[in-house]
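# Need the 3D shape of this:
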Amino acid sequence: MQEYILIIILLVLFLSVILATRYLNKPVKILFTVYYLALGALFVIVKERINNASDTTAAPNVNWIVNNEWVADIRHLLFVPMVGLLIYLLYKGYTDPKGPWKRSNILGVTIPLAALLAALYFLFSYTYGYHF
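A predicted model of the protein is given here:
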């Protein structure tokens, strides 16, 4: 289970953003929560099947390719909705006149947030995809 600590950290970060925002209503929060929890469980189950299949086959290159394709699919399913949601939340925070954030704060958060997401994207790819 220690192998999957990064996916757990990503899910906790993503779900904390989703559940802490005030710009999403409750059904949308529930939808995102179910989506990310199901995606995390599916990732672990299929990754374990790929790892177990690599012990029994004679061609490890095939399993390496399957693993990389699976990680790429999950990576996009994890990060693309979150990037879209963060863009929406930044826009809503920027246009909300009653919000606790000033417009300069939103702009100051965007660059570090983009750098953090890029680093997590790379780290997820490297941790689960490139070495097998």
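# Regarding this structure, what is its longest helix?
Scanning the chain for the helix with the most residues, using DSSP state H, yields helix 60-95.
# Please name every helix or strand in contact with it.
Applying 3 or more CB pairs under 8 Å, 6 or more residues apart in numbering; DSSP states H and E, one finds that helix 60-95 contacts helix 5-20, helix 26-56, helix 103-125. Yep, even glycine has a C-beta here, placed from its N, CA and C like the rest.
# Save these as a markdown table, and put in distance to W70, mean neighbour count and mean pLDDT too.
Shown next, in a markdown table, are these (distance: least, CB to CB, whole Å; neighbours: other CB atoms under 10 Å; pLDDT from 0 to 100):
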| stretch | distance to W70 | mean neighbour count | mean pLDDT |
| --- | --- | --- | --- |
| helix 5-20 | 13 | 15 | 92 |
| helix 26-56 | 6 | 14 | 89 |
| helix 103-125 | 12 | 13 | 83 |
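# Mind putting these into JSON lines with distance to K92?
Output for those, formatted as JSON lines (distance: least, CB to CB, whole Å):
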{"stretch": "helix 5-20", "distance to K92": "13"}
{"stretch": "helix 26-56", "distance to K92": "12"}
{"stretch": "helix 103-125", "distance to K92": "10"}
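# Of those, which is nearest R75?
helix 103-125 (5.6 Å; CB to CB).
# what's the angle from that closest one to helix 5-20?
Put simply, helix 103-125 runs at 150 degrees to helix 5-20, going by axes from the mean of the first three to the mean of the last three CA atoms, to 10 degrees.
# tell me the angle of helix 103-125 relative to helix 60-95?
Using the same axes, to 10 degrees: helix 103-125 against helix 60-95 is 170 degrees.
# Good, we can wrap up now.
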